[in-house]
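> here is a sequence with its predicted model. Questions after.
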Amino acid sequence: MGNFGGTRLRKYIFVTGGVVSSIGKGIATASLGRLLRNRGYTVAPMKLDPYINVDAGTMNPYQHGEVFVTEDGAETDLDLGHYERFMDVNCTSGSSLTTGKVYLSVIQAERRGDYLGGTVQVIPHVTNEIKRGLLDLGKEQEADVVIAEIGGTVGDIESLPFLEAIRQMRKEVGPENVLYVHVTLVPTVGPWGEIKTKPTQHSVINLREIGISPDVLICRTDQPMPDDVKEKISLFCDVPVNAVVESLTVDTIYEVPLWYEKAGLGDLVVSRLGLEPSNPSLEEWNSLVETLKNPKQSCRIAVVGKYTSNGDAYKSIGEALIHGGIPNDARIEITWIESDSLELGRPPKEFLADVDGLVVAPGFGERGIEGKIRAIQYAREKGLPFLGICLGLQMAVIEFARNVCHLEGSNSEEIEKQPAYPVIHLLPEQKGVKDKGATMRLGSWPCRLNAGTLAHQLYGDTRISERHRHRYEVNNDFRDKLIEHGMVISGVSPDYRLVEMVEIPSHPFFIATQAHPEFKSRPNRPHPLFAGLIEAAIKQHAALA
Ligand code: GLN
């Protein structure tokens with residue numbers, strides 16, 4: 001694909017949002033990408049974020065949700081996770097562009113003297129930089145289609161330069177190669193549940209004022225939209241009625257692309273952009289949605305973390321668990337446990353007695369640390385299937401050092417300045433690092449697995465790579481002690497310097513990784529660690545029944 005009559009004409013789809021935030025623009029963008037992937041097109045997704053942070057790495061997950069890490073080590077918005085999972089593609093640092101990143105390069109260029117003599121302005125300098133980001137990503141990924149989502153809601157002051165840049169893209173690449181998709185809310189109000197189109201009309205007026213006429217409207221609604229409502233929206237917003245796409249709230253987010261397909265959105269986009277039409281292949285997606293909707297089994301997994309009150313803070317972990325259920329034909333019920341609550345004197349049993357598996361989530365700082373350690377001790381002693389992720393591995397090592405190796409006072413240097421036994425300490429290359437932005441050990445790193453271990457059995461390979469985001473590691477001075485007492489170091493960096501995975505073979509399923517496997521899990525390719533945890537949890541569930 002991609003060579004249309006000998007000339008490569010790259011297409012651009014821009015997704016904006018109206019009326020309210022959090023209406024699922026990310027899922028809409030990701031689902032649109034899936035429709036094109038089902039037709040064999042190469043798609044490069046992109047997120048344009050109006051905030052002034054250069055990347056999401058310095059943001060609090062409470063406010064902003066999870067920080068998603070790409071293969072090449074960019075710390076990005078969680079929407080990139082949706083894109084990767086739905087489209088089954090790898091994003092890169094170029095897939096994320098923030099106001100901060102744009103201004104940083106414009107100001108650096110100004111200081112270098114690139115604009116010497118000129119007055120540096122939003123138009124054209126900032127908008128040019130945004131367009132350069134869009135064009136470069138398409139080129140770098142040799143994409144047939146670039147799909148870019150613009151963060152925020154139309155009408156926000158912050159997003160204006162991005163909207164102006166995408167308006168200019170029509171001139172840049174030709175109007176026939178650009179499609180504007182606007183996601184809006186169609187609410188029902190009043191005692192009779194009347195469907196209201198006015199917010200959508202106003203949001204389209206807003207968009208028009210800045211020179212963008214939407215080609216497609218995706219209408220988020222809790223109730224089916226009757227034809228006359230679609231016709232009204234079509235008339236007032238000047239889009240053909242077949243381009244008013246109803247997007248009902250559905251059981252699983254992975255069903256959204258199938259609804260769009262049924263509504264004819266795939267064919268519409270293909271024809272509007274002049275792409276070669278082809279039959280979408282839907283078998284894989286249909287079958288995974290079928291399993292998600294009608295599974296034969298179920299199990300309950302507890303996730304202990306410090307930001308569990310924000311449902312988006314561990315988005316990829318939640319999704320990876322759901323994916324892990326697919327090969328096991330199982331529905332996953334997730335119990336989110338705030339790590340602090342395990343520190344209030346109540347025994348872990350109160351929280352964990354009726355779950356079939358435990359995940360201890362990544363994190364930073366000391367809050368909730370002892371709660372995590374207590375939960376891990378419970379899982380280790382009771383034979384509860386356990387997966388530790390990043391900080392989860394570090395806490396599993398501390399718990400084992402304290403309670404099995406009898407190294408009382410073991411801790412991480414992140415938590416305590418000079419612990420009696422610093423079993424987790426700063427990575428040597430982190431010493432002297434002062435800046436907080438983009439300075440961790442980030443992105444994909446290779447790992448060697450020891451043959452015959454649980455890790456090897458799950459991955460089916462001894463050479464793997466996983467994405468990382470950490471500053472601390474297992475202190476090698478304690479490796480022998482841990483091994484002596486029954487912990488197996490099943491994965492190390494290829495130079496043997498860094499502990500990547502640990503496990504306890506005497507336990508039914510106890511494994512932890514310094515990496516973030518959740519970022520690589522896809523519904524059509526569930527991650528082996530999550531699929532393995534679910535398999536063990538189902539066995540546990542059956543044993544307890
Ligand atoms: N805070 C720990 C570190 O920096 C773990 C990080 C994480 O869980 N992502 O090493």
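Received it, and whenever you're ready, just let me know what you need. From a predicted model like this one, the values you see are computed outputs, not experimental measurements. Residues are numbered from 1 along each chain as shown.

> so which bits of the protein are right by the ligand?
With the criterion set to CB under 6 Å from any ligand atom, the chain comes near the ligand through P362, G363, F364, C390, L391, E414, R469, H470, R471, Y472. Backbone N, C-alpha and C define where each C-beta goes, glycine included.

> hmm, try it at 5 Å
P362, F364, C390, L391, R469, H470, R471, Y472 (CB under 5 Å from any ligand atom).

> tell me where the stretch 51-200 of the chain has helices.
Ranges of helices in the stretch 51-200 of the chain, per DSSP state H, counting those that start in this stretch, are 61-64, 79-87, 99-112, 127-140, 160-173, 198-209.

> that older thread, by pLDDT, give me the weakest of the residues of the chain next to the ligand.
Ranked by pLDDT, the residues of the chain next to the ligand bottom out at F364, which has 91.

> mind listing the helices for the stretch 351-500 of the chain?
Remark: helices assigned in the stretch 351-500 of the chain by DSSP H, counting those that start in this stretch are 369-382, 391-403, 454-459, 479-484.

> got it, and the stretch 201-350 of the chain?
227-237, 256-262, 265-272, 283-293, 315-325, 349-352.

> can you tell me which of the residues of the chain next to the ligand has the most neighbours?
The residue in these with the most neighbours, by other CB atoms under 10 Å, is L391 (27 neighbours).

> pretty sure that residue sits against E366.
No - checked against CB atoms under 8 Å, the pair L391 and E366 is beyond contact range at 11.0 Å.

> pick the most deeply packed of the helices of the stretch 351-500 of the chain.
Mean neighbour counts were taken over these using mean count of other CB atoms under 10 Å, and the top value, a mean of 25, falls to helix 391-403.

> pLDDT below threshold where in the stretch 1-150 of the chain?
In the predicted model of the stretch 1-150 of the chain, residues 1-8 satisfy pLDDT under 70.

> now do the chain
Using pLDDT under 70 as the threshold, the predicted model of the chain has low-confidence ranges 1-8.

> any idea which helix is longest in it?
The single longest helix within the chain, with elements called by DSSP state H, is helix 528-544.

> now that helix: buried residues?
Residues 528-541 are the ones in helix 528-544 that count as buried (16 or more other CB atoms under 10 Å).

> report the central residue of the protein.
With the centre of the chain defined as its mean C-alpha position, the nearest residue by CA atoms, centre = their mean is G81, 2.4 Å away.

> wait, doesn't that one sit right on G65?
No - with contact defined as CB under 8 Å, G81 and G65 do not form a contacting pair (9.4 Å).

> what is in contact with the two at once?
Common neighbours of G81 and G65 (criterion: CB atoms under 8 Å, 6 or more residues apart in numbering): K315.

> closest one to G266 among the helices of the stretch 51-200 of the chain?
helix 79-87 (13.5 Å; CB to CB).

> run through who's touching stretch 215-225.
For stretch 215-225, the surrounding residues in contact (CB under 8 Å, 6+ apart) are 23-24, 28, 179-188, 193, 195, 200, 204, 233, 237, 239, 243-249, 265, 268-269, 272.

> buried residues in it, which are they?
Of all the residues in stretch 215-225, those buried under the rule 16+ other CB under 10 Å are D215, V216, L217, I218, C219, R220, T221, M225.

> re earlier: which one among the buried residues of helix 528-544 gets closest to the ligand?
Checking these against the ligand with CB to the nearest ligand atom, the nearest one is L529 at 15.1 Å.

> ok, now which ones touch that closest one?
L529 makes contact with L387, L458, I511, T513, P517 under the criterion CB under 8 Å, 6+ apart.

> could you do V67 as well?
Residues near V67 by CB under 8 Å, 6+ apart: A56, G57, M59, P61, E75, T76, L78, R469.

> on that earlier part again, okay, the helices of the stretch 201-350 of the chain in JSON lines with mean neighbour count next?
As requested, the helices of the stretch 201-350 of the chain are arranged in JSON lines below (neighbours: other CB atoms under 10 Å):
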{"stretch": "helix 227-237", "mean neighbour count": "16"}
{"stretch": "helix 256-262", "mean neighbour count": "19"}
{"stretch": "helix 265-272", "mean neighbour count": "19"}
{"stretch": "helix 283-293", "mean neighbour count": "16"}
{"stretch": "helix 315-325", "mean neighbour count": "25"}
{"stretch": "helix 349-352", "mean neighbour count": "16"}
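
> before we move on, the earlier item: dump the buried residues of helix 528-544 to TSV, plus distance to E172.
TSV is the format used below for the buried residues of helix 528-544 (distance: CB to CB, whole Å):
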residue	distance to E172
P528	43
L529	43
F530	42
A531	44
G532	48
L533	47
I534	47
E535	50
A536	53
A537	51
I538	53
K539	57
Q540	56
H541	56
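
> didn't S465 look like it was pressed against S444?
Yes - using CB under 8 Å, S465 makes contact with S444 at a distance of 5.0 Å.

> so for those two, which residue has more residues nearby?
More neighbours sit around S444 than around the other of S465 and S444, counting by other CB under 10 Å; the figures are 18 against 13.

> who does that one bridge with?
Residues in a beta bridge with S444, per DSSP bridges, are R467.

> so for Y41, which of the helices of the stretch 351-500 of the chain sits nearest?
Ranking the helices of the stretch 351-500 of the chain by their distance to Y41 (criterion: CB to CB) puts helix 454-459 first, at 30.6 Å.

> distance of the residue lying farthest from the centre of the chain relative to E110?
Most distant from the centre of the chain: G117, at 42.9 Å, with distances by CA atoms, centre = their mean. From G117 over to E110 the distance is 11 Å, taken as CB to CB, to the nearest Å.

> equivalent analysis for K417, please.
In this view, K417 and E110 are 42 Å apart by CB to CB.

> residues in contact with the residue nearest to I483 when sequence neighbours are not counted?
Excluding its sequence neighbours, the residue lying closest to I483 (CB to CB, 6 or more residues apart in numbering) is I489, at 6.6 Å. When contacts are counted by CB under 8 Å, 6+ apart, I489 is found next to N450, R479, L482, I483, V499, M501, V502.

> on contacts alone, who are the packing partners of the host helix or strand of the last one?
Going back to what we said before, that points to V502. In this assignment (DSSP states H and E), V502 forms part of strand 499-503. With contacts defined as 3 or more CB pairs under 8 Å, 6 or more residues apart in numbering; DSSP states H and E, strand 499-503 has these neighbours: helix 391-403, strand 441-449, helix 454-459, strand 472-474, strand 488-492, strand 510-513.

> nearest to N128, out of those?
With CB to CB as the criterion, N128 lies closest to strand 441-449 of the helices and strands packed on strand 499-503, at 28.5 Å.

> in that closest one, which residues are buried?
Taking 16+ other CB under 10 Å as the basis for neighbour counts, the residues of strand 441-449 that come out buried are R441, L442, G443, S444, W445, C447, R448, L449.
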